[in-house]
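Visitor: Could you look at this predicted model? Sequence included:
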Amino acid sequence: MDSNSELQRLDEIGALTDATYKGDPNFMASLARGLEVLQAFTPLHHRLSVSQISQSTGIPRAAVRRCLYTLRALGFVHCPDGRHYVLLPRVLTIGHAYLSSSELAKAAQNSLEFLSRQLNESCSVATLDGDNILYIARATVKRIMTIDLGRGSRLPAYATSMGLVLLSALDEAELDAYLSRVTFEPLTPHTVRNAEQLREQLARVRRQGYAINDQQLELGLRSIAVPMHSRKGGVVAAMNVGVNASQVSAQTLREKVLPQLQRTAMELALLL
């Protein structure tokens with residue numbers, strides 16, 4: 001994920017500490033800041049100083065320093081050179097608690113591994129998390145992206161097939177709110193550029209029941225995604241298959257991959 005997307009993600013978290021929660025005795029601003037500090041670390045920025053974290057989060061240096069002191073004492077971060085901080089494996093326990101307890105994540109992983117073996121392609125399941133998609137399950141058989149994706153990875157919703165599926169399930173008020181916040185970054189020459197283009201794509205996704213992303217996220221990557229419905233109703237996640245654009249056409253995705261993808265998504269929905 002690029003730096004602009006990361007800043008947008010931190011803005012989403014930082015919004016929790018704005019005037020909406022001022023005066024709320026149940027809201028722990030210190031905890032919110034600690035979470036912001038943790039999420040400042042990314043694959044692209046895994047060694048950060050106090051000033052760098054302060055700049056990216058907007059939190060004063062003194063408060064960042066106190067957060068890091070606490071996180072270091074608890075074993076979540078380490079400062080090997082006395083200046084730059086890095087995450088320690090203990091942070092995995094936070095996300096692992098969700099992945100190990102979520103029926104959706106566990107069932108999705110098993111289904112994806114089976115589908116991936118059938119198609120000999122990489123498959124994923126993601127949910128909408130703020131303005132991004134969050135990968136909760138992934139099965140990879142070949143490396144087709146420069147981005148190293150795994151469970152817990154986040155990508156901008158507007159530039160992904162699963163994001164298009166999930167955004168198409170939002171009601172008008174939710175979609176309007178999303179469009180008022182999002183900044184469209186031209187990740188490739190094919191990336192959607194504005195709200196009008198995105199609305200057109202989402203309308204098409206609603207009509208056909210699936211989304212194809214043709215190199216909007218990364219050149220050479222083509223993917224197809226379908227919604228995952230719960231038995232209680234509503235779209236709870238999206239499932240996709242990603243392929244090398246030079247080897248698999250959009251037509252092949254529709255004719256050969258889509259039926260198996262839809263069947264897997266429907267079978268998994270019965271367990272939700």
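Guide: Thanks, I have it. Numbers count the residues shown, from 1 in each chain.
Visitor: Spit out the contact partners of His84.
Guide: Arg47, Leu48, Ser49 (Cβ atoms under 8 Å, 6 or more residues apart in numbering). Using the backbone N, CA and C atoms, a C-beta is placed for each residue, glycine as well.
Visitor: ok, so what distance separates it from Leu68?
Guide: 11 Å (Cβ to Cβ, to the nearest Å).
Visitor: Let me see the ranges of the helices in this protein.
Guide: For the chain, the helices defined by DSSP state H cover 3-14, 29-39, 50-57, 61-73, 92-101, 103-119, 161-168, 172-181, 195-208, 250-252, 258-269.
Visitor: most tightly surrounded among these?
Guide: Among the helices of the chain, helix 161-168 has the highest mean neighbour count (mean count of other Cβ atoms under 10 Å), at a mean of 27.
Visitor: Helix 172-181 and that helix, what's the angle between them?
Guide: 130 degrees (axes from the mean of the first three to the mean of the last three Cα atoms, to 10 degrees).
Visitor: What lies in contact with helix 161-168?
Guide: Counting by Cβ under 8 Å, 6+ apart, 124-128, 132-133, 155-158, 175, 178, 198, 201-203, 205-206, 210-213, 223-227, 235, 237-240 sit against helix 161-168.
Visitor: CA atoms only: put that helix into PDB for me.
Guide: Extracted C-alpha coordinates of helix 161-168, given in PDB (Å, rounded to 0.1, in the frame of the first residue of the first chain):
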ATOM      1  CA  SER A 161     -12.300  -6.400  -7.200                       C
ATOM      2  CA  MET A 162     -13.300  -7.300  -3.700                       C
ATOM      3  CA  GLY A 163     -13.600  -3.600  -2.800                       C
ATOM      4  CA  LEU A 164     -15.900  -3.000  -5.700                       C
ATOM      5  CA  VAL A 165     -18.200  -5.900  -4.500                       C
ATOM      6  CA  LEU A 166     -18.200  -4.600  -1.000                       C
ATOM      7  CA  LEU A 167     -18.800  -1.000  -1.900                       C
ATOM      8  CA  SER A 168     -21.600  -2.000  -4.200                       C
END
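Visitor: can I assume Met239 is in contact with Arg263?
Guide: No. Contact between Met239 and Arg263 fails when scored by Cβ atoms under 8 Å: they sit 10.7 Å apart.
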